[in-house]
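K.L.:
dropping the sequence and predicted coords here.
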Amino acid sequence: MDGTNFSSDINVASLSGKEAALRSFFTFPFSSDEVYQQGLADLLAHGALSGKTDAERVEVILRTQLFYFNRVTGQNLTVEDVRSHQNTVDSQNLTVPMDLSPPSSNAEDGETRLLTFAELTMLIEQGKTDDIPNNKVIPDTLNDAPPSASIALVRKKPWEVDSQSF
């Protein structure tokens, strides 16, 4: 009987561990994680969501979030785990907010977003260099200001340094 109780304790412990992992998955800051956003932007630039229905897009985003979460935290959650947890939460009318939408290209909070290499290449090839964040326009003219005077001391020659030490 003690073995039966012990095995049920293990099941409860593993469920609570998986429950904790699911809770941390649903509260993970995917929208503010720069590494995840760069990876997702790279996938989007390669057309991972083109031609897909809304349900397929949500599924792709969920799988990318799950892959990244498992990689970063060392967990081993599956899509089925997430779906069953969502169904359980929905049946209890407890909504856990989770952003399954791709990131918008607009900088809503005033910060400039880092472009992936593929996005940068695409903008340059299309000639849209004005859309590249922090891209400075350098004029084709020389500087008209007079040169400044040097304030550095004149460097001594090797024989001048040796003659002073005697």
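P.N.:
Here it is on my side, so go on.
K.L.:
rest of the way, CA atoms for contacts and neighbours
P.N.:
Will do.
K.L.:
can you give me the pLDDT of A149?
P.N.:
Confidence at A149, expressed as pLDDT, is 90.
K.L.:
and the pLDDT at S14?
P.N.:
49.
K.L.:
low-confidence ranges in this protein?
P.N.:
The model of the chain has pLDDT under 70 over residues 1-16, 89-112, 162-166.
K.L.:
where along it do the helices fall?
P.N.:
Here the chain has its helices, by DSSP state H, at 2-26, 34-45, 54-73, 79-91, 117-125, 158-165.
K.L.:
buried residues of stretch 128-137, list them for me.
P.N.:
Using 16 or more other C-alpha atoms under 10 Å as the test for burial, stretch 128-137 gives I132.
K.L.:
swap in stretch 148-157?
P.N.:
Within stretch 148-157, no residue qualifies as buried by neighbour count (16+ other C-alpha under 10 Å).
K.L.:
and the end-to-end length of that stretch?
P.N.:
Stretch 148-157 has an end-to-end distance of 25 Å (C-alpha to C-alpha, to the nearest Å).
K.L.:
over to stretch 147-158?
P.N.:
30 Å.
K.L.:
the chain should start at 57 in everything you say after this.
P.N.:
Done: numbering now begins at 57, and the last item shifts to stretch 203-214.
K.L.:
quick one: it to chain centroid distance?
P.N.:
Between the centre of stretch 203-214 and the centre of its chain there are 48 Å (C-alpha atoms, centre = their mean, to the nearest Å).
K.L.:
measure stretch 208-215 end to end?
P.N.:
20 Å.
K.L.:
tell me which residues are up against it.
P.N.:
Here stretch 208-215 makes contact (C-alpha atoms under 8 Å, 6 or more residues apart in numbering) with no residue beyond itself.
K.L.:
K192 and G183: what is the separation?
P.N.:
K192 is 15 Å from G183, by C-alpha to C-alpha.
K.L.:
coming back round to it: closest to S204 out of the helices of the chain?
P.N.:
helix 214-221 (28.0 Å; C-alpha to C-alpha).
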